[in-house]
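J.: I'd like to go over a predicted model; first the sequence, then the structure.
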Amino acid sequence: MKSTTTYDGSSSELTDNTAHWSGVFAMSLCVLALIASEFMPVSLLTLIANALQITEDMAGQGIAISVTLPY
């Protein structure tokens, strides 16, 4: 921190007011990952059902049950 002297003779310290953009970028990336992981399986539901040769209803239930499982 820098120390400055004002016109009335008192001294004060300047604070560092720089933005911490790396933290903002990291939080934005985490939010993007969480939203993508929430909506990605639903958007691919038809492809998942076709690949597993099951109905879309069963694939949807499989996705819904995976939300309740602990990581």
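T.: The structure has been received and is ready for your questions.
J.: Output the contacting helices and strands for the strand or helix carrying V67.
T.: Using DSSP states H and E, V67 maps to helix 56-68. Applying 3 or more Cβ pairs under 8 Å, 6 or more residues apart in numbering; DSSP states H and E, we find helix 56-68 packed against helix 21-43, helix 45-52. C-beta here means a position set from N, CA and C on the backbone, and glycine is covered the same way.
J.: what do you get if the cut-off is 7 Å, keeping everything else the same?
T.: Contact analysis of helix 56-68 by 3 or more Cβ pairs under 7 Å, 6 or more residues apart in numbering; DSSP states H and E lists helix 45-52 as its packing neighbours.
J.: by contact count, what packs against the helix it packs on?
T.: Going by 3+ Cβ pairs under 7 Å, 6+ apart, helix 45-52 lies up against helix 56-68.
J.: May I have the helix it packs on exported as CSV, CA atoms only?
T.: C-alpha atoms of helix 56-68 as CSV (Å, rounded to 0.1, in the frame of the first residue of the first chain):
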residue,chain,number,x,y,z
GLU,A,56,-37.4,-41.9,-24.4
ASP,A,57,-39.5,-42.3,-21.2
MET,A,58,-37.1,-44.8,-19.8
ALA,A,59,-34.1,-42.7,-20.7
GLY,A,60,-35.8,-39.7,-19.0
GLN,A,61,-36.3,-41.7,-15.9
GLY,A,62,-32.7,-42.8,-15.9
ILE,A,63,-31.6,-39.2,-16.1
ALA,A,64,-34.0,-38.1,-13.4
ILE,A,65,-32.8,-40.9,-11.0
SER,A,66,-29.2,-39.9,-11.5
VAL,A,67,-30.0,-36.5,-10.0
THR,A,68,-30.9,-38.1,-6.7
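J.: So what touches that helix?
T.: P41, V42, L45, T46, I48, A49, L52 (Cβ atoms under 7 Å, 6 or more residues apart in numbering).
J.: What's the local residue count around the fifth one?
T.: Put plainly, it is I48. By other Cβ atoms under 10 Å, 17 other residues sit near I48.
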